[in-house]
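Visitor: sequence and predicted structure are below.
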Amino acid sequence: MIKLLTIILTAYFSVITSVNADDKPLTSGFNHVGLTVSNLDKSTRFFTDVLKWKLVGGDEKYPAKFVSDGKMFLTLWQTKDPKKTVTFNRKNNVGLHHLAFTVETLEGLNALFEKVKTVDGVIIEFAPEPAYGGPTMHMMIREPSGNRLEFSYRPPKQ
């Protein structure tokens, strides 16, 4: 009886697996995110000096800078005429509402908050607080060019 049940379950799960294989997503994560910035130098310094990302390249003709934290890759694109830029309104425009980053510890989130409070051009929308009642803690800022960035810490499950 156990052998028969094993054969039936094996056949069932192989069918389920083959059916679900057709439903497999056609993508496997982000390759990079491109952000348009009004001040390429200030935004690049925010990512490299404040967040400690690495400058990994650029394109002077565009102009653009490429930065990475070792897991995520961002392209920062300079607007053509910074004096004529139109700021994004998350409530009225289609586009990137915000970009969210993981912070590994609550202490790290709080330290980052203290650091960004001193950075010229950064606007803090809110300090670290529970997200939807917790346990995740998050904060939201605008980097020097105005892009909304969220930083989030989720404690391990107990």
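Guide: Perfect, I can see it now. Computed from a prediction, not measured in an experiment: that's the story for all the values here. Numbers count the residues shown, from 1 in each chain.
Visitor: what's the closest non-adjacent residue to His32?
Guide: With Cβ to Cβ, 6 or more residues apart in numbering as the measure, Phe73 is the residue that lies nearest to His32, at 4.0 Å, once sequence neighbours are left out. Yep, even glycine has a C-beta here, placed from its N, CA and C like the rest.
Visitor: so how far is Lys65 from the one you found?
Guide: Summarising the geometry, the distance separating Phe73 from Lys65, computed by Cβ to Cβ, to the nearest Å, is 11 Å.
Visitor: so which residues of this structure form helices?
Guide: Ranges of helices in the chain, per DSSP state H, are 2-21, 40-45, 106-116.
Visitor: considering the ones you listed, which stretch scores lowest in mean pLDDT?
Guide: Lowest mean pLDDT within these: helix 2-21, a mean of 51.
Visitor: pretty sure Thr136 is touching Ser152, no?
Guide: Yes: Thr136 sits in contact with Ser152 when judged by Cβ atoms under 8 Å, with a separation of 5.9 Å.
Visitor: neighbour count winner among the two?
Guide: Here Thr136 and Ser152 are compared on neighbour count by other Cβ atoms under 10 Å; more neighbours surround Ser152, at 16 against 12.
Visitor: quick one: that one from Tyr132, how far?
Guide: 11 Å.
Visitor: show me what contacts the nearest residue to Lys42 once chain neighbours are set aside?
Guide: Distances taken as Cβ to Cβ, 6+ apart put Pro144 closest to Lys42, at 3.9 Å, once the chain neighbours are dropped. Taking Cβ atoms under 8 Å, 6 or more residues apart in numbering as the definition of contact, the neighbours of Pro144 are 37, 39, 42-43, 45-46, 119-122.
Visitor: for Thr36, which non-adjacent residue is closest in space?
Guide: Distance criterion Cβ to Cβ, 6+ apart; nearest residue to Thr36, sequence neighbours excluded, is Trp77 at 4.9 Å.
Visitor: surely that neighbour touches Val33?
Guide: No: the criterion here is Cβ under 8 Å, and Trp77 misses it with Val33 at 10.9 Å.
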